[in-house]
Structures are given as structure tokens and as C-alpha cells.
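K.L.:
Test case, fold it:
(one chain, ligands or ions: 1)
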Amino acid sequence: MISVGLDVGGTNTKIAVLNDKYKILKNIKIPTPLSNGYDFFIKELTEIAISISREYQKKKISVCIGIAGDVDSDRGILRYAPNLCGWKNKNIKKDFERVSGFKCLVENDANMASWGIYVFEVKRKVKNMAVFTLGTGVGGGIITNGNLYRGSTSTAGEIGHMIIKEGGEKCNCGNYGCLEAYCGTYALIREVQRRIKNTDSYLKKYGFEKGNITPKIIFDLAEKGDRICLDIWKDYGYRLGSGIGNIAVLLNPEITVLAGGVSRAHKFFMPFVKKRLSEYGIKTPINKMKILISNNEDIGVLGCASFALDNK
Ligand SMILES: [Zn+2]
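P.N.:
Reported below is the predicted structural model:
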């Protein structure tokens with residue numbers, strides 16, 4: 001048996017193949033085939049799976065497709081995907097299985113990244129774990145008793161949309177005061193624009209080309225000791241600490257993992273995460289919890305492939 005993971009993003013689709021010992025046989029990336037409509041998209045994904053089954057001479061393969069969007073994983077339906085042409089209510093499982101003949105699971109991409117971290121980085125050594133994916137948005141995943149916790153509509157783990165400040169900043173989801181409204185990359189950029197009046201001349205002062213502010217530039221400015229950017233990471237850490245603390249008192253995980261591109265700035269924000277956590281009055285779940293940083297960019301697709309193998 002081999003398994004195939006397909007991690008479908010708005011720009012690229014990552015593909016991973018595992019053997020039954022969880023050894024990585026293949027790990028590649030292609031542009032997501034979105035230009036010719038949904039039927040073409042399904043045809044392209046099934047052709048990938050069929051060519052992999054031929055390459056490894058396996059009649060049976062198990063497939064898991066991870067997608068950025070609202071997924072009904074019980075039925076394999078993509079309810080809504082703003083990043084994938086705004087598709088709504090697409091029965092990917094049924095369509096993929098009909099065309100390819102292979103069994104297929106459809107899961108949320110942040111849940112699959114969490115599963116990948118659980119299998120490949122934590123090596124299933126703990127039973128309870130929470131993951132925060134820190135990127136444009138803030139996502140997450142929850143492992144309880146060694147299983148992925150999906151909740152009743154497979155929408156559990158939307159950690160970014162817990163409210164950490166009533167009536168606070170506006171979130172991309174439309175609500176106010178969500179964790180994501182403080183810890184998504186758009187929040188970082190908002191803070192720079194608010195605190196620095198003329199960003200072009202500010203960047204020039206540090207020897208950077210003028211242009212769009214990115215989290216990487218906020219990181220680089222902090223690296224150069226810029227007070228405003230150090231303060232932005234401080235506030236980021238403090239808010240993230242509220243999010244991590246809330247999950248700690250709710251779920252009491254042994255490990256919380258920070259993943260996603262922004263986690264690379266951990267040296268600037270982690271001291272303030274820890275400071276915020278030290279303010280929690282309920283000490284045991286906070287003190288017993290380890291916080292790890294995961295920097296594997298392919299963990300989502302590896303999560304898909306391992307989830308397919310675990311559920312074959
Ligand atoms: Zn929100």
C-alpha cells in the first residue's frame with residue numbers, strides 16, 4: 001500500500017507519496033490547476049493519482065486531499081473555499097473517486113498540517129496537542145487522545161477566531177477582536193502602517209528598497225533593533241499568549257506547536273507569549289505544557305499522506 005497526499009492551496013498544490021512504513025517516496029509541488037474550472041481541476045488531480053499508482057505499480061492507493069477552506073470531511077464536501085475560485089458545495093470525494101477509482105479523503109489543510117506535525121515531528125509521543133498555524137490567517141488543529149478532533153461539523157480548530165478582545169480589531173472573518181485580527185500577517189502590516197507614517201522613507205533609513213511592508217521586513221527591522229517593530233512583535237506575542245493560554249486552560253495539551261511562516265519570528269515574540277502565560281491564574285496546564293516551533297513547509301502535504309495511510 002502507498003498513500004498520496006495532495007495539499008491544495010490557492011497557488012500551488014503539493015504532492016507527497018508515502019509507503020506503508022511512512023517513508024517519503026516523493027514530495028513535489030505543481031501550480032494548482034484552477035484556470036479551467038472545477039471539472040478540469042478534478043481531472044488533473046485524478047491524473048496525478050493515476051500516474052503515481054502506475055509509477056509504483058500499485059493497483060490500490062489511498063488518497064487524502066487537504067484544502068484551504070470549509071470542509072465537511074465526513075462527506076468529503078468542500079463547503080466553501082475563498083482561495084479556490086470561491087467554489088461552494090463541491091463533492092470532491094465523490095467526483096475524485098468516480099474518476100480515479102481510488103478511495104479519497106477530503107480534509108481541512110490546517111488540520112492536516114497539525115496531523116503532519118503529530119506524526120512526523122512529535123512522533124505520536126503525546127496524546128493531546130494543539131497547533132497554531134501562523135500565516136496570513138491564524139489556523140490550527142487539535143489532537144485529543146491521539147486522534148484528530150474535528151467536532152460535529154468538522155470545523156473544530158478554528159483557533160484564529162476565538163475572541164481575545166471584545167470589540168477589538170476587525171478580523172477578515174467579519175467579526176471583531178479575533179486572535180487572527182492581532183496575529184494574522186495583515187494585523188502586523190496594519191500595525192506598521194499605523195505606527196509609521198511614511199513607510200518608504202522609514203525603509204530607506206534602514207537601507208531597504210521602498211515597497212510593500214511584509215512580515216519578513218518587520219522581522220528584518222526588528223533584527224536591526226528598530227523599536228517600533230520590536231514593539232509590534234511584543235504586542236503580537238502578548239496576544240498570541242492569550243490565545244495559547246485560552247487553549248491550554250480549555251484542552252490541557254501536553255504540547256502546543258507554533259507552525260507557519262510567522263513562527264520564524266519566535267525569538268522576538270516568544271518572551272511575551274511566556275509573559276502573558278505567566279499571568280494565568282490556573283498554573284498547572286500552563287506550566288506542564290511545552291511549546292515547540294515547527295518550520296517544515298511541507299508538513300501539510302505530509303500530514304495528508306500520513307492521514308490517508310492511517311485511515312486506509
Ligand atoms: Zn475572525
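K.L.:
Tell me how many other residues surround Gly174.
P.N.:
By the criterion of other CB atoms under 10 Å, Gly174 has 8 neighbours. The way it works is simple: take the backbone N, C-alpha and C, and place the C-beta from them, glycine included.
K.L.:
ok, now which ones touch it?
P.N.:
Under the criterion of CB atoms under 8 Å, 6 or more residues apart in numbering, Gly174 has no contact partners.
K.L.:
just Lys58 next, same as before
P.N.:
Shown in contact with Lys58 (CB under 8 Å, 6+ apart): 1-2.
K.L.:
Checking my notes, it in a strand, right?
P.N.:
No: applying DSSP: H, G, I helix; E, B strand; the rest coil, one finds Lys58 to be coil, outside a strand.
K.L.:
Could you check the pLDDT of the residue of the stretch 201-312 of the chain found nearest the ion?
P.N.:
Of all residues in the stretch 201-312 of the chain, the one sitting closest to the ion is Gly243 (11.8 Å; CB to the ion). On pLDDT, Gly243 comes in at 98.
K.L.:
Quick one: low-confidence residue ranges for this structure.
P.N.:
Applying pLDDT under 70 to the chain flags no residue at all.
K.L.:
Quick one: the strands in it, in order.
P.N.:
For the chain, the strands defined by DSSP state E cover 2-8, 12-19, 24-31, 61-67, 70-72, 77-81, 87-91, 103-108, 129-134, 138-144, 147-148, 255-259, 290-293.
K.L.:
Pull the number of nearby residues for the closest residue to Glu121 other than its chain neighbours.
P.N.:
Counting by CB to CB, 6 or more residues apart in numbering, Ser294 is the residue found nearest to Glu121 once chain neighbours are left out, at 5.7 Å. Using other CB under 10 Å, Ser294 is surrounded by 20 other residues.
K.L.:
Please report the number of neighbouring residues for Asp310.
P.N.:
Count around Asp310 with other CB under 10 Å applied: 17.
K.L.:
Revised request: answer the last question for Ile65.
P.N.:
Neighbour count for Ile65, taken as other CB under 10 Å: 26.
K.L.:
can you check Lys267 too?
P.N.:
Look at Lys267: counted by other CB under 10 Å, it has 12 neighbours.
K.L.:
per-domain residue ranges of this structure.
P.N.:
Listed by automatic domain parsing, the domain ranges of the chain are 2-116+298-310, 120-293.
K.L.:
Going by neighbour count, which residues of stretch 124-140 are buried?
P.N.:
Residues of stretch 124-140 classed as buried: 128-140 (neighbour count, 16 or more other CB atoms under 10 Å).
K.L.:
Determine the longest helix present in this protein.
P.N.:
If you go by DSSP state H, the chain has its longest helix at helix 227-251.
K.L.:
Would you mind naming what in the stretch 151-300 of the chain lies close to the ion?
P.N.:
161, 171, 173, 175, 178 (CB under 5 Å from the ion).
K.L.:
residues in contact with the last one?
P.N.:
This points to Cys178. Counting by CB under 8 Å, 6+ apart, Cys178 has contacts 160-164, 168, 171.
K.L.:
redo that, cut-off 7 Å
P.N.:
Residues in contact with Cys178, defined by CB atoms under 7 Å, 6 or more residues apart in numbering, are 160-163, 171.
K.L.:
okay, the residues you listed in JSON lines with neighbour count next?
P.N.:
Converted to JSON lines, the contacts of Cys178 look like this (neighbours: other CB atoms under 10 Å):
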{"residue": "Gly160", "neighbour count": "25"}
{"residue": "His161", "neighbour count": "19"}
{"residue": "Met162", "neighbour count": "17"}
{"residue": "Ile163", "neighbour count": "16"}
{"residue": "Cys171", "neighbour count": "22"}
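K.L.:
between the residues of the stretch 151-300 of the chain next to the ion, which is nearest Asp95?
P.N.:
Within these, proximity to Asp95 (CB to CB) peaks at Cys173, which comes in at 28.0 Å.
K.L.:
I figured that closest one was touching Met162, is that so?
P.N.:
No: with contacts defined as CB atoms under 7 Å, Cys173 does not count as touching Met162, sitting 11.2 Å away.
K.L.:
neighbours around the closest residue to Thr13 other than its chain neighbours, how many?
P.N.:
Spatially, and ignoring its direct neighbours in sequence, Thr13 is nearest to Thr32 (4.6 Å; CB to CB, 6+ apart). Residues contacting Thr32 under the criterion other CB under 10 Å number 20.
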